[in-house]
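Trainee: Build me a model from this:
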Amino acid sequence: MKFMKHEEAFTGLEAAIVLIAFVVVAAVFSYVMLGAGFFTSQKSQEVVHTSVDQASSSVEIRGDVFGRDAGSTPSEIEIVEFAVALTAGGTALDMNSSVLTFQKSDVAVTTLTHAYANDYVSSTSVLNETTGDNKWWIYQKVNGDNDRLIEGSELFIIRAQLGATNEVAANEQFNLEIRPATGAALGLKRTAPAQIDAVNVLY
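Mentor: Next up, the predicted model:
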C-alpha cells in the first residue's frame, strides 16, 4: 500500500495555532496598555485635585484690618486685628494647625506663637487684650461652636500682638500671613496711617 503525503491539513493547523497565539498576545498587550492608561488617568486626576487644593486658599479676610495702639510712646501699632471666614465652597479649616508669620521691611520673618491653643472660646468670649510679644489668638467667634474649625458661616476674629521689634510705625508697611496645613497662604499686606490712634484702619 502506498501512502501519499498530504501536508495541507498540517499547514492549516499551524496557521490556526499561530493566529491564536497572535490573538492571545494582542489581548494581553491591550489589557496591559488599558490598565496603564487607567492608572495614569487616575494619577493625573489626583495631581489636578491636589494642585487645586494647594493653589487655592480656603479662607478669606472679611471686613477691614485694624491696628491697635496700647498707649506706647512713641505711638506705634502693637496689635493687628482682622476677621477670617471660609471662601465660597471652601473646606473647613483648623486654626490650631495654622501658622501666622509677620514681616516688616527691616525685620526678618517672625513666626507668631499661638496663644490659648488648648482653650475653646465661644461667640461671646473676650480674651486678654495683651498676651505677650509675637503671639496670636482667637479673640472672638461669630456663629461659632466650641472648636477651632472655621466652618460654614462662622467668622473668627484674630488678634496678633507684635513684639517690640515688629511694632508698626506711621506709614510703615508690613506683611502678615496665615499658613494653613493645606492650601495656599493668605497674605495681609497693609500700611499704617500717617497718624497712629488708639484704633486704626490699615489700608
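
Trainee: Could you verify my assumption that Val59 touches Met95?
Mentor: No. When contacts are counted by CB atoms under 8 Å, Val59 is not listed as touching Met95 (9.0 Å). For the C-beta atoms, the positions are set from N, CA and C on the backbone; glycine is no exception.

Trainee: Need the per-residue pLDDT for the most centrally placed residue in the chain.
Mentor: In the chain, the residue lying closest to the centroid (CA atoms, centre = their mean) is Gly183, at 1.8 Å. With respect to pLDDT, Gly183 scores 76.

Trainee: Confirm for me that it is in contact with Thr87.
Mentor: No. Gly183 lies out of contact with Thr87 (CB under 8 Å); the separation is 9.7 Å.

Trainee: can you give me the strands for the protein?
Mentor: For the chain, applying DSSP state E gives strands covering 59-68, 79-86, 93-94, 99-104, 107-114, 135-142, 149-150, 155-161, 173-179, 186-191, 199-202.

Trainee: now those strands in CSV, with mean pLDDT, mean neighbour count and distance to Ala16?
Mentor: Formatted as CSV, the strands of the chain follow (pLDDT from 0 to 100; neighbours: other CB atoms under 10 Å; distance: least, CB to CB, whole Å):
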stretch, mean pLDDT, mean neighbour count, distance to Ala16
strand 59-68, 93, 17, 69
strand 79-86, 94, 21, 67
strand 93-94, 86, 20, 66
strand 99-104, 94, 18, 70
strand 107-114, 91, 15, 75
strand 135-142, 88, 20, 78
strand 149-150, 88, 20, 68
strand 155-161, 92, 22, 75
strand 173-179, 94, 19, 68
strand 186-191, 92, 17, 70
strand 199-202, 94, 16, 84
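
Trainee: Figure out which of those is closest to Ile20.
Mentor: strand 93-94 (60.3 Å; CB to CB).

Trainee: Parallel or antiparallel, which strands does that closest one pair with?
Mentor: Looking at strand 93-94 with DSSP bridges, its partner strands are strand 149-150 (antiparallel).

Trainee: for the strand it pairs with, the distance to its chain's centre please.
Mentor: In terms of CA atoms, centre = their mean, to the nearest Å, the centre of strand 149-150 is found 13 Å from the chain centre.

Trainee: nearest spatial neighbour of Ile157, skipping sequence neighbours?
Mentor: Gln140 (4.3 Å; CB to CB, 6 or more residues apart in numbering).

Trainee: cool, Thr191 as well?
Mentor: Gln173 (4.8 Å).

Trainee: check contacts around the one you found.
Mentor: By CB atoms under 8 Å, 6 or more residues apart in numbering, the contact set of Gln173 is 104-105, 189-192.
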